[in-house]
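Peer 1: heads up, no residue letters with this:
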Ligand code: SF4
């Protein structure tokens, strides 16, 4: 029995988003959507985090910050990219200072499209992330080298 | 006089009761905010999950500090429930928190550093009132031993109303509830990341959480002492007190540390000392 899926703690970071997606992430915490009923808590601390929720396309200024936060999160961890900016850079893709997507800096597990992503799809993305989280936990327990990262048996 | 059985029962049952209280707390808090709230057993899921996570440490010594913290909290609670000396209980309890503070200092992070300093300020704020409570109980029942206070037929609360109100005031600090949740909050968000617990993760954080449950059960047991002459009234008092604490938690915003220390000391200095002075005077009159 694993409790990973029952108590996912989230950390939300705004990597140069227009603030639209951030408002939608916070909307998930309001009484209307109340994600705490799934045990989801928005912690402000990477060391207490299971799911790293990033919005925005990452610019020159915060690429190091995103990397740093990601490195500080204890295993197992998953990354959810919320909004089309976080997925690919969106309308800001061509900007001179935009990296164009979270996956340019850190590995992303779940992409949530939308501009802005609706609270329903954000919650859906988090629930999908729970499955990935559980898989990573099982992989963590197995002896190294038995399975590769994608979960298939090594030849 | 000292009951080993009670001590063992406390060590086994307190985390279960404490976790359940935390679950009820979160449920009621959510309802007060117009939300559904997490399942009742959510605190247990959280701690179970923390033990499944990786324990990232800055320095190995922080693990030993956390271990000392939980051990001393459990020991002080066990001493209390086995009927031991109240003064010893209080100082073992304080020592436990010093270990938490040292653990936070050892990580060298600016956030846990501020959290640790605020934790020390909280200890300074609540300590006089807790000691006054013990002194008041001694003046009424003529014993510092919890077992004697428990079995005394005297309704302690009638003699110590001021001390009781003062104790409720510092209880808010101890339960890490708003407006006095300076060093770390049991709510998710807070202004100095997470205060003393910032640098703890995985099983380390899980142990701190369990220690907090032990602590809460011990503090509610302390309320029992005021009403020990009648167990039914005592249980009702504990429940009402905790509900009031939840209400206060959801009504007030966090205050500055200066205000915390001032208000705690003013309450201890007026209600506590006046209460003791009246008792002293009465005992002189009645011989
Ligand atoms: S996806 Fe749209 S709403 Fe979200 S950060 Fe980008 S531009 Fe803003």
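Peer 2: That came through, no problem. These numbers were taken from a predicted model, which means no experiment stands behind them.
Peer 1: among the helices and strands of chain A, which has the poorest mean pLDDT?
Peer 2: strand A:41-42 (a mean of 86; mean pLDDT, DSSP states H and E).
Peer 1: which outside residues touch stretch B:219-237?
Peer 2: Stretch B:219-237 has contacts (CB atoms under 8 Å, 6 or more residues apart in numbering or on different chains) with B:21, B:77, B:80-81, B:133, B:137, B:146, B:149-157, B:160, B:164, B:167, B:171, B:174-175, B:238, B:241-242. The way it works is simple: take the backbone N, C-alpha and C, and place the C-beta from them, glycine included.
Peer 1: so which of these are in strands?
Peer 2: Residues of these located in strands (DSSP state E): none.
Peer 1: list buried residues within those.
Peer 2: Among the contacts of stretch B:219-237, those classed as buried by neighbour count (16 or more other CB atoms under 10 Å in any protein chain shown) are B:21, B:77, B:80-81, B:133, B:137, B:146, B:149-150, B:152, B:156-157, B:160, B:164, B:167, B:171, B:174-175, B:238, B:241-242.
Peer 1: hmm, back to that, what's the least confident helix or strand of chain A packed up against?
Peer 2: Contacts defined by 3 or more CB pairs under 8 Å, 6 or more residues apart in numbering or on different chains; DSSP states H and E place strand A:41-42 against strand A:9-14.
Peer 1: who does the strand it packs on pair up with?
Peer 2: Using DSSP bridges, strand A:9-14 pairs in its sheet with strand A:41-42 (parallel), strand A:51-55 (parallel).
Peer 1: closest to residue A:2 out of those strands?
Peer 2: strand A:51-55 (15.1 Å; CB to CB).
Peer 1: can you tell if that closest one touches the ligand?
Peer 2: Yes. Against the ligand, strand A:51-55 shows contacts by CB under 6 Å from any ligand atom at residue A:55.
Peer 1: just checking, next helix/strand downstream of that strand?
Peer 2: Using DSSP states H and E, the helix or strand that follows strand A:51-55 towards the C-terminus is helix A:63-72.
Peer 1: near chain A, which residues of chain B are found?
Peer 2: Chain B comes close to chain A at residues B:26, B:30, B:33-39, B:42, B:45-46, B:48-49, B:52-56, B:188-190, B:193-194, B:197-202, B:205, as judged by CB under 8 Å from any CB of the partner chain.
Peer 1: so which of those are in helices?
Peer 2: B:26, B:30, B:42, B:45-46, B:48-49, B:52, B:202, B:205 (DSSP state H).
Peer 1: buried subset of those residues as a PyMOL selection?
Peer 2: Only the buried entries of these go into this PyMOL selection, using 16+ other CB under 10 Å:
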select buried, chain B and resi 26+30+42+45+46+48+49+52+202+205
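Peer 1: tell me which of the ones in helices among the residues of chain B next to chain A is nearest to the ligand?
Peer 2: The ligand lies nearest to residue B:30 out of these, by CB to the nearest ligand atom, at 28.3 Å.
Peer 1: would you check that that closest one makes contact with residue B:39?
Peer 2: No. At 10.8 Å, residue B:30 and residue B:39 do not qualify as touching, with contact defined as CB atoms under 8 Å.
Peer 1: now the common contact residues for those two.
Peer 2: residue A:37.
Peer 1: which SS class is residue A:75?
Peer 2: Under DSSP: H, G, I helix; E, B strand; the rest coil, the three-state class of residue A:75 is coil.
Peer 1: chain neighbours aside, what residue packs nearest to it?
Peer 2: residue B:54 (4.3 Å; CB to CB, 6 or more residues apart in numbering or on different chains).
Peer 1: quick one, what contacts residue B:179?
Peer 2: Residue B:179 neighbours (CB under 8 Å, 6+ apart): B:172, B:248, B:252-255, B:260.
Peer 1: which helix or strand contains the residue most central in space within chain A?
Peer 2: Taking CA atoms, centre = their mean, the centroid of chain A lies closest to residue A:80, which sits 2.3 Å from it. Using DSSP H and E, residue A:80 sits in strand A:78-82.
Peer 1: could you list the low-pLDDT ranges of the chain?
Peer 2: Looking at chain A here, since you left the chain open. A:1, A:143-155 (pLDDT under 70).
Peer 1: wait, chain B
Peer 2: B:1-2, B:186-190, B:285-287.
Peer 1: longest helix anywhere in it?
Peer 2: helix B:110-141.
Peer 1: spell out which parts of chain A neighbour the ligand.
Peer 2: A:17-18, A:20-21, A:55-56, A:83-85, A:90-91, A:115-116.
Peer 1: cutoff 8 Å now
Peer 2: Residues of chain A found near the ligand (CB under 8 Å from any ligand atom) are A:17-22, A:24, A:55-57, A:82-86, A:90-92, A:114-117.
Peer 1: just the buried ones out of these, please.
Peer 2: Neighbour-count burial (16+ other CB under 10 Å) applied to these gives A:17-18, A:21-22, A:24, A:55-57, A:82-86, A:90, A:92, A:114, A:116-117.
Peer 1: which of those residues fall within strands?
Peer 2: Members of these lying in strands (criterion: DSSP E): A:55, A:82.
Peer 1: returning to what we had before: could I get the strands paired with strand A:9-14 in JSON lines, plus columns for distance to residue B:216?
Peer 2: Shown next, in JSON lines, are the strands paired with strand A:9-14 (distance: least, CB to CB, whole Å):
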{"stretch": "strand A:41-42", "distance to residue B:216": "19"}
{"stretch": "strand A:51-55", "distance to residue B:216": "28"}
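Peer 1: any idea which of those is most buried?
Peer 2: strand A:51-55 (a mean of 27; mean count of other CB atoms under 10 Å in any protein chain shown).
Peer 1: tell me what angle that one forms with strand A:78-82.
Peer 2: 20 degrees (axes from the mean of the first three to the mean of the last three CA atoms, to 10 degrees).
Peer 1: what's in contact with strand A:51-55?
Peer 2: With contact meaning CB under 8 Å, 6+ apart, strand A:51-55 is reached by A:8-15, A:17, A:21-22, A:25, A:46, A:66, A:69-70, A:73, A:77-83, A:85-86, A:102, A:106, A:122, A:126, A:129, A:133.
Peer 1: got it, and stretch B:242-258?
Peer 2: Identification of contacts with stretch B:242-258 by CB under 8 Å, 6+ apart yields B:21, B:25, B:28-29, B:32-33, B:118, B:121, B:168, B:171-172, B:175, B:177-182, B:185, B:191, B:220, B:263.
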